[in-house]
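can you look at this prediction? I've put the sequence above it.
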Amino acid sequence: MKLFRRTKRVNVGTYTDPIPTPAPTIEAQIEDGVLVAIAAVRLAVTNRLIVRSLRDGQDYNEERLRQRVTTELQKLAAEKEKDAKRIRKVLETVVDKPGAAAGPSDFRARDAKTLKRRAKVSEGLAERLTQLAVDADVVGDIAERAHAAFLDEFAVSVARGVRAFDDPVRGAPLSAMDRNAALQGLTEDLEELGRATRAAAD
């Protein structure tokens with residue numbers, strides 16, 4: 001009597017090394033960085049619209065909004081230029097440092113190629129963002145999208161606030177004082193949302 005039955009061998013094929021993926025070009029990395037930067041600018045401008053409208057009671061001003069977009073783009077460009085200079089400085093010190101790194105911020109001679117690439121990407125991104133900051137079409141598109149996002153967020157917040165005005169126990173509308181208190185709470189919540197979003201973006 002056989003205690004163990006031979007199992008049928010399954011053919012799983014032959015292992016082959018995966019095809020190596022070529023590193024993205026510097027131009028591709030710059031364009032990816034531009035997309036991320038534009039999204040960050042749009043978010044920052046949207047948050048500013050929310051705070052300025054609800055906290056400060058400012059009316060919509062297209063020219064002021066476009067100027068804010070330009071300012072945010074210029075700020076990011078300056079940050080990237082600063083990053084590039086910092087990396088170039090590090091490059092000057094790694095030539096005479098052979099061996100393996102002792103930590104993530106300990107760059108050695110073997111890291112020179114990667115550092116040069118990072119510097120070029122940062123420099124290219126700074127240049128592109130500087131150009132976009134004075135491109136009326138790009139600035140206008142970002143401003144328009146930020147305003148649309150603000151209106152969407154405002155509509156959702158108002159809808160939630162209006163539902164909160166009805167007393168769930170008695171079914172009676174809130175008094176004027178309670179309504180004002182609820183709106184103040186809504187404003188504070190949106191300001192907190194703006195701060196949290198900016199912190200996450202940083």
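Okay, I see it.

which parts of the chain are helices?
Secondary structure of the chain, counting by DSSP state H: helices at 26-54, 62-94, 112-133, 136-164, 176-201.

which of those helices sits closest to residue 13?
Nearest to residue 13, of all the helices of the chain, is helix 26-54, at 33.3 Å by Cβ to Cβ. No exception for glycine: its C-beta is placed from N, CA and C like everyone else's.

what residues sit buried inside that closest one?
For helix 26-54, a neighbour-count test (16 or more other Cβ atoms under 10 Å) marks 29-30, 33-34, 37-38, 40-54 as buried.

circling back: reformat the helices of the chain as TSV; add distance to residue 19 and mean pLDDT.
As requested, these are exported to TSV (distance: least, Cβ to Cβ, whole Å; pLDDT from 0 to 100):
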stretch	distance to residue 19	mean pLDDT
helix 26-54	19	89
helix 62-94	31	92
helix 112-133	22	92
helix 136-164	37	79
helix 176-201	35	57
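
report the separation between the residue lying closest to residue 66 once chain neighbours are set aside and residue 135.
Distances taken as Cβ to Cβ, 6 or more residues apart in numbering put residue 143 closest to residue 66, at 4.8 Å, once the chain neighbours are dropped. Distance of residue 143 to residue 135, given as Cβ to Cβ, to the nearest Å: 12 Å.

okay, the two: which has more neighbours?
More crowded of residue 143 and residue 135, by other Cβ atoms under 10 Å: residue 143, with 23 against 13.

so what's that one up against?
The contact partners of residue 143, taken as Cβ atoms under 8 Å, 6 or more residues apart in numbering, are 45, 62, 65-66, 68-69.

now list the buried members of these.
Members of these classed as buried by 16+ other Cβ under 10 Å are 45, 65-66, 68-69.

in CSV, list the residues you listed along with distance to residue 25.
Formatted as CSV, the buried ones among the contacts of residue 143 follow (distance: Cβ to Cβ, whole Å):
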residue, distance to residue 25
45, 30
65, 34
66, 32
68, 32
69, 28
